[in-house]
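*Asks:* using only what follows, build the 3D model:
(2 chains)
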Amino acid sequence: MPENENLTDVIKLISDIRHGKVFNSYEIALRTEQLLEKLISEGQWNNARELMQQIKDKIRQVSQSLPLEATATNIMRHILKVIREEFDLGSEKKAEGQSLHQIVTGDQSDELDYSESHGNLRNRLLDHLTEYKVELETSTENIAAQALEHIHTNEIILTVGISNTVEKFLKHAAKQRKFQVIVVEAAPLYRGHKMAASLANSNIQTTVIPDSGVFAMMSRVNKVIIGTHSVMADGGLRAASGVHAIALAAKHYSVPVMVLSHMYKLTPTYVCSHEKDTFNMCASPANVIPYSTGPLLNKITVYNPIFDYVPPELVTLFISHQGGNAPSYVYRLLSELYHPDDYEL
Amino acid sequence: MSIKSKDDIIQAVVVADTFGDEFLPLSSDIPLALFPLINRPLIDYTLEFLSLGGIEETFLFCCSHTDAIKAHINQSVKDKAGWSLTMKVNVIVSESCHSFGDCLRDLDRKGILRGNFVLLEPGTLSNIKLLPIVKKHNEVANKDKGAAMTVIYQEAGIGQMGRDLNEEVVVAVNNNNRVLFHRKLGQSRDRKIEFPLEIFLENSNVSLHHNLKDTHIAICSPSVLPLFSDNFDFQSKDDFVKGLLMNEEILGSTVYCHVTKGSHFGGAITNWRMYQAISHELQNKWIYPLQPPALKAHNLKNGVVTGDKVVLNDNKKIANSIIGDNVTIGKNVQIEHSFILSNTKIADNVIITHSVIGPNCHIKANSRITASSIIGKDVVIENEQFIENSLVQSTQPENCEEKDKLGKKAFRLKLETDDDDLGALSRKLSQLHIGDSPVEESEDEAFTDSEDEELSYTQSPVPDDTKLFFTEVIDSLTRGFEDELRCENLILEINSSRYAYNVTVKEVNFNVIKAILIMSLRFPIGAQYFSQFVRLLSFFAPILKNYIRNEGAMLDCLQAIEDVAISNENVNEKWVMFTMKWFYDKDFVTEDVIMEWSKSLDTKSRFYGQVKPFIEWLEEAEEASSSEDD
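*Replies:* Take a look at the predicted model:
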C-alpha cells in the first residue's frame, strides 16, 4: 500500500521518540525537518494538494500515537503553511484576482486550486526548508544572544530541572556578567543535578535546592528562567511537573517568570482537561516509590505525572529567537506560524 | 569477522505456549499470546519490549493455534507496528512439543541461533533494557567459560501482587552474582531450608535473597541448547537451573543472576492471578513505557478501563474492571475486579465479581458469576444462573455429568486435580486474587497468615515473640496440670518466660488465661466435661488470682474468653456461659467490667448471642438488688 509506505518514516520517528532514542525537542525538530525535506525532494507528489495531504496524514499519525508530542506536529503544520504561501506566490494571477469580497466570504475554491501543478514549487519549497533548517539550528544561539538583555550583574536566577536552551542562555550571560543561579533539583528524576553540575563547570555560582525549598528561596530571587515542553494556544505552558508550584511562588513574590521557547514549541491547541490523557501522561511510579516497597502497592495507586500546566497569567515573558513576547501575544504568533485551517486535522 | 556479526545482532526466543491447563477453558480457543491484556494482545507487549530492549531478531515458538498467531504477526507487520521496523520476527511452528524443554531441544536441532540469546518464557512482559545485561553476560562468559545463563530477577516485597506465590524463590549468590543455591519454595511445605555448607566454606561472601521475583527472562549462552538436548528431564527453565546447580561439576556449567531495581519491571503471566496482577501493574504504569493503546483503553472512574464501542447503560456499580471492545452492558449490572473480553453481551441485573468472561459470551439477566469463575468463549449463560468458582465452556466436554450442564452452550469443566493439598494450594494460588472486598478479606488474610508459617520467609527473621510465649505457657501449664505441680512454681516459670520473650503485662494476662481456656477444650465432650473443666479451673485458681489483679486484667480475661470462643468454632454452646459464670462467681471478674466489656461487642456476632443470656441475667440481678436497696 503506497499510503502506508509513506508513513514508514514517520512511524520510525514515533517509535524512536517512544523508546527514548531521540530525547530532546531539538533532535525531534531536526528529525522532522529531515523527514519533510526527504518527502518534498524525493516523495511522490505532483501538486501542492497531494503534498499537503501526505503531510496531514503524517500529522494525524503522530498525534494519534503520541498525543503529547507537539514538536513534530508543529513543524509539519508550519511547513503546511509554507506550502500554501509558496503556492500563492507562484500563482500570481490568483493573488491579483483575490478581491476583498473573496477574502471576506472565504471562497471555498481554494481546495481545487492547490491541485494545479507548479513546475518550480519543489525547488522553492526546498529553498525555504533550507532556510528553515538554518533557523532551527541557530534558534538556540539566537535565544542565548538575548541573555545580556535579561540577566544583570549580581542577580539571582532560579531555574528548574535541565534544559539545553536555558543552559546555553545562562552560560552566554556568564561570559560577561557575574550572577548566581539556584537550580531546583526537580524530583523524582533529579535532572537539576546534572544541570547544576554543568553550570558549575562554567564557573557560574550554583546552588541546588530541593523542590520543597522553592517558596523559601523565592523571596531572594530576581528572575525565574525556565524552559518548557510546549506552549499552549492560550499562552499557558506544558512544562515539567513542579513548574506550576514554582510559578505560583514567583507570582506571590512578584518575581518575573521568563520562558525560553523555540518557535516550534508554540502549539495551536488548548488545554481541555487536566485529567485527559491528551494533556498529561504518567511515567513509572518506581521513581516515586520503589517496587520493592511491599504489599502496600496492592492498595495504592501512585501517579507520577510528567507535565504541569502553567496558566498564562503566571508567565511574564516568552523569549524566542525573534525576541520577547507577552503570553497574550501568543495568538498572534500562532497565526503567523500556522494556517488556521491546519489547527485541527 | 564472524564473531563481530554474532555480537551485532542479538536474538531472542519467545515461547508462546504455556503447555499447562492454567488458562482453561479460555486457552482452548485463544492462545496465551493473543490473550488481551487491557485490550491489546499480550504478544504485542512482549514484542514491543524486545524491540525496545534492542533485540533485532526474534523467534516466536508456537505449538498450538499457530495460524492465529501467524496471522496476527503478519497483520502487525502490515500495519507497521512499532517493533516491526527494528526487529524481525520469525514464527517457528512445532506442534510436537509438549513442554518448554521440548521447544529448546527443537531449537537446538534447527541450529538457527548464532550466539548468546535472550530467552523469554510464555507471557512475559517487561521494560528492562536488555543490552547492558547481555553485555554483562558476555563479559562474564569471557571469564567463566561455563557460564550458561544469566537469570534476571526483580526486587519485590513479600506479599506484593506481582509476586507469584507459586514461584517464591530463595537464591544464594556470591560476589560475582554466580548462583550457588536456588530453591523454589512455591508449594513446598518445608519450614526449613537447608543450605549446603560448601557454599559458605568455598565463598568468602554469600548473599541470600528472598526479596526477588522471577522476571522469566534469561540471557543464555549457546551452550544452553545442547544442555537441554542432553538432559531429557529438563522440562522448564527451573528444571534447568536446578539440574545445573546439582550437577555443576559434571555439566561444567554455571548460572548467574542479575537483579534489576528501580523502574525496571519484569513479569510473566503464568496463571490468572498473575494476569490480574500484571493488568493492575500495567494500568498503574509500572511497565512504562509499555502501555495500553491510547485509543482502545479509556480510563473511567473507579479503575475501570473500557475498549472501543462499549455500551454501558449505567456504570455506577462497575469498579476495578477491564472491559473489552464492543461489549454491551445492561442496566443495574455490578462488575467488580473482573475482566470482560470483547464482543460480550451482559443483560440487566447481572453480578460479576472476581471473574473472567471470555469473548462472544452472552450473560442473560439476573445471573451471578463470582469467586474466580472463568467463562470461556461463546458461552451463553441463561437467566438467573448462579456460578461460583467454576470453569465454564461452550462445548460439551468428554464424560460430562448431567449436573455440569448449565445450558445449551454452557458446560462446567472439571480439571483433573490432584486431590492432595499441594494441588489445591497451587490452584488456589493461581486463581484471581480475591483480597480487596471486605467480606472475603478475613478469609484471604487468614490464608496468607498460614502461608507465612508454612513458608517461613527468610526475610522475616523476627518470629512473633508473643506467639512463642504463648506456646511456652501452654507447655508449662499442661505439664503442671498433669504432674500436679504447685501453682507458685508455675507462676515463677511463666514469669521467667515473660522476661525471656519481653512480653507486656497485658499480653501475659491475656495469654495465660487463653492458654488455660484452650486446655479446657482438649477434654472429651460429654457429661463429664463441665466437672473436668471446673477441676481444671480450680486447680489453676491461684494462678488466675495472681494475674487477675485489677480491672484492666479483668478486661484482658474477658477478651481471652472471647478470643478462644471465636477462634474455636466447635466449642460447646454452653461453654461461654459456663466460663463467664465461673469467673463471675469466683469474683475474678466484676459486674461493672463485664457490662463495660459487653458494650464493645458486635451485637450481630454469634459470640454475642452466646454471651447475651448471661448479661441479661446480670442486669436482672442488678435491678433486683437495687430495688431491694430501695
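*Asks:* does anything pack onto the biggest helix by length in chain A? Which helices or strands?
*Replies:* Criterion DSSP state H: the longest helix present in chain A is helix A:121-145. On a contact count with 3 or more CB pairs under 8 Å, 6 or more residues apart in numbering or on different chains; DSSP states H and E, helix A:121-145 meets helix A:25-42, helix A:71-90, helix A:164-174, strand A:317-320. Every C-beta, even on glycine, is put in place using the N, C-alpha and C of the backbone.
*Asks:* dump the C-alpha coordinates for whatever helix or strand comes next after it into CSV.
*Replies:* Next helix or strand after helix A:121-145 toward the C-terminus (DSSP states H and E): helix A:147-150. Extracted in CSV, the C-alpha atoms of helix A:147-150 (Å, rounded to 0.1, in the frame of the first residue of the first chain):
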residue,chain,number,x,y,z
ALA,A,147,20.7,36.8,27.6
LEU,A,148,22.5,40.1,28.4
GLU,A,149,19.3,42.0,28.0
HIS,A,150,17.7,40.0,30.8
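*Asks:* now for helix A:147-150, which elements pack on it?
*Replies:* Using 3+ CB pairs under 8 Å, 6+ apart, helix A:147-150 sits against helix A:164-174.
*Asks:* could you spell out the sheet neighbours of the next helix or strand along the chain from the helix it packs on, each with its direction?
*Replies:* Using DSSP H and E, the helix or strand that directly follows helix A:164-174 along the chain is strand A:180-184. Sheet neighbours of strand A:180-184, with direction, are listed as strand A:156-160 (parallel), strand A:205-209 (parallel) (DSSP bridges).
*Asks:* buried set for strand A:180-184?
*Replies:* A:180-184 (16 or more other CB atoms under 10 Å in any protein chain shown).
*Asks:* try stretch B:224-244
*Replies:* For stretch B:224-244, by 16+ other CB under 10 Å, it's B:224-225, B:227-229, B:231, B:234-235, B:237-244.
*Asks:* looking at those residues, which are in helices?
*Replies:* Per DSSP H, the subset of the buried residues of stretch B:224-244 in helices is B:224-225, B:227-229, B:237-244.
*Asks:* would you reformat these as JSON lines and include pLDDT?
*Replies:* Output for these, formatted as JSON lines (pLDDT from 0 to 100):
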{"residue": "B:224", "pLDDT": "87"}
{"residue": "B:225", "pLDDT": "87"}
{"residue": "B:227", "pLDDT": "86"}
{"residue": "B:228", "pLDDT": "86"}
{"residue": "B:229", "pLDDT": "86"}
{"residue": "B:237", "pLDDT": "84"}
{"residue": "B:238", "pLDDT": "84"}
{"residue": "B:239", "pLDDT": "84"}
{"residue": "B:240", "pLDDT": "86"}
{"residue": "B:241", "pLDDT": "86"}
{"residue": "B:242", "pLDDT": "84"}
{"residue": "B:243", "pLDDT": "84"}
{"residue": "B:244", "pLDDT": "84"}
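*Asks:* contact partners for residue B:241?
*Replies:* B:149, B:151, B:179, B:182, B:255 (CB atoms under 8 Å, 6 or more residues apart in numbering or on different chains).
*Asks:* on the three-state scheme, the second one is what?
*Replies:* The three-state assignment at residue B:151 reads strand, by DSSP: H, G, I helix; E, B strand; the rest coil.
*Asks:* for the closest residue to chain B within the stretch 201-345 of chain A, what are phi and psi?
*Replies:* Distances between the stretch 201-345 of chain A and chain B by CB to the nearest CB are smallest at residue A:294, namely 2.9 Å. Per-residue torsions, residue A:294: phi 120, psi -170 (degrees, to the nearest 10).
*Asks:* many thanks, have a good one.
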